[in-house]
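Student: Fold the following for me, if possible:
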Amino acid sequence: MINKEKIEQAVQLLLEGMGEDATRSGLIETPERVARMYEEILSGYGDCAERHLSKTFPVTESGMILEKDIQFYSLCEHHLLPFFGKVHIAYVPVDEVVGISKLARTVEVFARRLQIQEQMTGQIADAIAKNLKTKGVMVLVEAEHMCVSMRGIKKSGSKTVTIASRGCFENDQNLRETFFKLIS
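Tutor: As a prediction, the model looks like this:
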C-alpha cells in the first residue's frame, strides 16, 4: 500500500520547499530514510484486527479482563505529527478469551495509520466487540498530541482522553466504576 518512490519524491520537494539543499551530505539519503520510516509507522494499513483476535481460548467462567497501559504511537491525520500515549482495554468475555498480547496487537493495527484519537478509540472497541464473544467492551485512550505541544497553542504535557464503551459497559455503572478504579 505504501508507495516509497512517491514518498521519496514528496520529501525531496518538501526539502526544496523549505529552502534546503537536498543534495547536501546530511540530506542526500533523507528521502529514502523517510520513506522507510513511513512504511514502518503506517504498517497498520496492511494489517487487520480480525487476524489477531481470531485465536481464542475457551473459559468456563470469567469476569472483566483488563489490559492497561498499552503504549502506542500514531500520526495525526491533520498535521502528520505524532500523538502517543496509553490505551486501557477491558472486556467481559462469553465462553472464550483472547491472548493478552492480541489486545496490544489490535491497538497497533489502528495506531499505525494516519488517525485521529477519537476514531481510533472507537475502532479498537468495535473490533473487539465484533470479533470476540463479549458481554461488553470499554476502551480508554489518553494521549499527548504534538500538534498541541510543539505548535499552535504549545501546551506540552496536556492529555486528551477518549472513551468508547459497548455492551454492558454502556449501562452498568458499577462495572464502569470498577474499570476507572483499576486504571487509576
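
Student: Let me see the contact set for the spatially most central residue of the chain.
Tutor: Nearest residue to the geometric centre of the chain (Cα atoms, centre = their mean): Ala111, 2.5 Å. By Cβ atoms under 8 Å, 6 or more residues apart in numbering, Ala111 lies in contact with Gly44, Phe72, Tyr73, Ser74, Met120. (C-beta placed from N, C-alpha, C; glycine too.)

Student: do Asp126 as well
Tutor: Here Asp126 is in contact with Ala164, Arg166 (Cβ under 8 Å, 6+ apart).

Student: Tell me the confidence at it?
Tutor: As predicted, Asp126 sits at a pLDDT of 98.

Student: same question, the one 10 residues further on
Tutor: The confidence metric pLDDT takes the value 98 at Gly136.

Student: Please apply the same query to Gln173.
Tutor: For Gln173, the model assigns a pLDDT of 97.

Student: mind starting the numbering at 410 from now?
Tutor: Sure thing, new numbering starts at 410, so read that last one as Gln582.

Student: Return the distance of it relative to Val503.
Tutor: To Val503, Gln582 is 21 Å away according to Cβ to Cβ, to the nearest Å.

Student: Compare these two and say which one has the larger neighbour count.
Tutor: Val503 (14 against 8; other Cβ atoms under 10 Å).

Student: Next, give phi and psi for that one.
Tutor: phi -130, psi 110 (degrees, to the nearest 10).

Student: Please report the distance of the residue nearest to it when sequence neighbours are not counted from Met559.
Tutor: Using Cβ to Cβ, 6 or more residues apart in numbering and skipping the chain neighbours, the partner closest in space to Val503 is Lys542 (4.2 Å). According to Cβ to Cβ, Lys542 stands 43 Å off from Met559.
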